[in-house]
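[1] build me a structure from this.
(one chain, ligands or ions: 2)
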Amino acid sequence: MRPAPLSQSLRGRGDNGSPRFAYGADYNPDQWPRQVWEEDVALMRQAGVTIVNLAVFSWARIQPTAGTWDFGWLDEIMDLLHDGGIAVDLATATASPPPWLTTAHPEILPVTDHGETVWPGARQHWRPTSPVFREHALRLTRAMAERYAGHPALAAWHISNELGCHNVYDYSDDAARAFRTWLRRRYTTLDQLNHAWGTAFWSQGYSDWEQILPPRLAASHPNPTQQLDFKRFSSDALRDHLRAERDVLRAVTPDVPITTNFMVMGETKGMNYADWAAEVDFVSNDHYRTPGPQSLDELSFSANLTGNLAGGRPWYLMEHSTSAVNWQPVNLAKRAGELARDSLLHVAHGADAVCFFQWRQSAAGAEKYHSAMLPHAGPDSDLFRSVTCLGDTLRHLAPAAGASREAAPVAVLFDWDSWWASELDSHPTSRLRYRQEALDWYTALLNVGVRADVVPTGTPLDGYRMVIAPVLHVVPATLAKELTRYAENGGHLVATYFSGIVDENDHVWLGGYPGALRDLLGIRIEEFGPLPDGERVTLDGGLTASLWTDRVTATDPATEVLARYTGGEHAGRPAVTRRTSGQGSAAYVSTRLGPTGLTALLPTFLDHAGIRSELPEQARGHVELAVRSRDGDRYLFLVNRTDEPVPLPGLTGDVLPPGPADEDGPLVLAPRAVTVLHQRT
Ligand code: GLA
Ligand code: GLA
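    Ligands and ions are numbered 1, 2, ... in the order given. Predicted structure coming up:
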């Protein structure tokens, strides 16, 4: 039997079967004396908590030595939670191996590219490819599954924790062996590997598989295709671990849904989640804000991508923070309203669960200054009141739970291969940041009030009026064909600098850049023109740009020049072009315009594609709109991106939850607030 959908799986005791949002946190009762547990459950109920993620780092407590098990405390807390009506997303507890294991088997410890051992003392000190670690982790997984199969609190399984957070790249001998196996599967013959890796260069030709190593510390730049393949392999190795734990769980508890918490956020880039999403019964994500001018946009971008990794279906926000974290250079407290707005922005993009790290703020350990639902100050605190208030809000929003994301008119393509390959060393510039370019386009879309979906490559594109491909660097022949067909059939493609440059082996498409997309875009580039730090160039229309320029020649009569460089080396040459292609078009932006420049340029593309904002004019840029729908019900999530009130004239629907607006007057969105309009179609 396959597990039930997410919204049904996460119901606690006493639910009447109607949809609701799950609400909760990581819960670490084993870090506290027994006497606080009852108070925990009572306060959870007060806050509206419906689910907790339990035993995430409890291996040493559950299995204190190789041969002894202690489930008594966990049985007790499982029962207590269940009696309190709180469901459990139960961890397999394998994330952090205990000292007895690393002492007996130091060969499970990861090794850096410099050959240094990563010692225990923190967490996640294990090699994804270690057969010894795998054996012990699966033994624990099985013990957990057998112990709690049928426990009424058990709502879902939580595999390990943030797989790859600290151990994605391991250069040990185990990794070397597994890498060779992975390469044999990919290339079959050494000749094909030698070709793909371009080993004729620098005398790297392999005559035996055993000669191949991970890209360990080398005298100069290691082979780029070897590096790219090692990234692919490392992501796959962790995915294999996920599968191994999952298969044990499925065998023992086939009807309990399984997840693991992804880290779709910021510069976390080691795991290709587009490849992982199909391995779990529902997608979960952890998200922590990166301070800076695009902090909230980055949250939206990540939530959006997570929702699309989940195929538009609801997903589970496994962790975010109520306020400050402890691991940034300066850890900022959230401002009033941000706890709720951040949470509801995830919900807007499809989250059906809102959870935090963690329930009770630690008094000891490395994370004692990390915020939690119940802070050091205790329940008599603004933070706990905000937490309780959010619990209420989620109850009011319950009708929207279970609804899917409604597709947007624009897609922003997100491609892990391009992320990995475009930022390798020995390139025209080391300053290029793949995700930043994608985020800049997303910010520009928010600024003009147009909804977009951030979608992994491989997503069907035909439903989108416009597809933006920021730094789509790796373009295999099949992808070039797909994009060409998309434009010929009426789609409008916009690609940026350093797109279409290499194939899947990181080999340059010859004959002039951007090789794979040259004909589609109707341009040709003979040489790149990256810019030194701090240097800017000017374009028509007062635009200024940085990072990159190209010496572009339009090669097709159907290619129009939308903007030219007005200064710098390429003054007078095309900077932004668009070629009509069949029923659609293919545009090229040869430089980095940043959020401001892209906000100015974007309407040119949107008008051409016939895309208009769905927001009232006064709200554009100030409010983000995301839509969830189910059958004939549409839920418009309106998120105030600013610290000012924003009027929303002309938008109709029932306000859910009622409150922010004067019943008779026009709807006004309070600073940093979120409201939901329910429309029935
Ligand atoms: C040195 C090396 C060459 C080449 C160039 C690149 O001169 O001898 O093989 O790597 O650097 O600048
Ligand atoms: C990650 C981990 C949690 C905790 C938080 C702190 O998300 O999964 O255990 O360390 O970071 O932000």
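[2] next, count neighbours for the closest residue to Pro97 other than its chain neighbours.
    By the measure of C-beta to C-beta, 6 or more residues apart in numbering, the closest residue to Pro97 outside its immediate chain neighbours is Trp126, 5.4 Å from it. C-betas here are computed from N, CA, C, even on glycine. Trp126 has 29 neighbours, counted by other C-beta atoms under 10 Å.
[3] and what of His570?
    Using other C-beta under 10 Å: His570 sits among 20 other residues.
[4] any idea how far it lies from Ile523?
    13 Å (C-beta to C-beta, to the nearest Å).
[5] okay, and the common contacts of those two?
    Listed as contacting both His570 and Ile523 by C-beta atoms under 8 Å, 6 or more residues apart in numbering are Val552.
[6] my guess is Met373 meets Ala25, correct?
    Yes: between Met373 and Ala25 a contact is recorded at 5.2 Å, counting by C-beta atoms under 8 Å.
[7] who are the contact partners of Ala495?
    Ala495 is in contact with 469, 472, 514, 517, 521, 586-589, counting by C-beta under 8 Å, 6+ apart.
[8] equivalent analysis for Ser581, please.
    Contacts of Ser581 (C-beta under 8 Å, 6+ apart): 484, 487-488, 520, 522, 558.
[9] try 6 Å this time
    Contacts for Ser581 (C-beta atoms under 6 Å, 6 or more residues apart in numbering) come out as 487-488.
[10] cool, and the one 4 residues further on?
    Listed by C-beta under 6 Å, 6+ apart, the contact partners of Ser585 are 492, 578.
[11] and the residue nearest to Pro97, helix, strand or coil?
    Here Trp126 is recorded as coil under DSSP: H, G, I helix; E, B strand; the rest coil.
[12] show the model's pLDDT score for it.
    Trp126 is assigned a pLDDT of 98 by the prediction.
[13] who in the stretch 351-500 of the chain is up against ligand 2?
    357, 367, 370 (C-beta under 6 Å from any ligand atom).
[14] looking at the residues you listed, which is nearest Phe282?
    Phe357 (18.9 Å; C-beta to C-beta).
[15] excluding chain neighbours, give the residue nearest to that closest one in space.
    Glu319 (4.2 Å).
[16] separation between that neighbour and ligand 2?
    Distance, Glu319 to ligand 2, using C-beta to the nearest ligand atom, to the nearest Å: 5 Å.
[17] same question for Asp550.
    As for Asp550, its distance to ligand 2 is 39 Å (criterion: C-beta to the nearest ligand atom).
[18] count of neighbours near that residue?
    Using other C-beta under 10 Å, Asp550 has 26 other residues around it.
[19] before we move on, what about the one 3 residues further on?
    Taking other C-beta under 10 Å as the neighbour definition, Thr553 ends up with a count of 15.
[20] which SS class is the nearest residue to it once chain neighbours are set aside?
    Excluding the flanking residues, the one nearest Thr553 by C-beta to C-beta, 6+ apart is Arg524, at 5.0 Å. Counting by three-state DSSP, the backbone at Arg524 sits in strand.
[21] need the pLDDT of Arg524.
    Arg524 carries a pLDDT value of 98.
[22] surely it touches Leu510?
    No: checked against C-beta atoms under 6 Å, the pair Arg524 and Leu510 is beyond contact range at 11.9 Å.
[23] and those two? Which one has more around it.
    For Arg524 versus Leu510, the count of surrounding residues by other C-beta under 10 Å is larger for Arg524: 19 against 7.
[24] ok now do that one, which residues does it touch?
    Counting by C-beta under 6 Å, 6+ apart, Arg524 touches 512, 518, 553, 555.
[25] what about Ala85, neighbour count?
    For residue 85 the amino acid is Gly, not Ala. Applying other C-beta under 10 Å, I find that Gly85 has 16 neighbouring residues.
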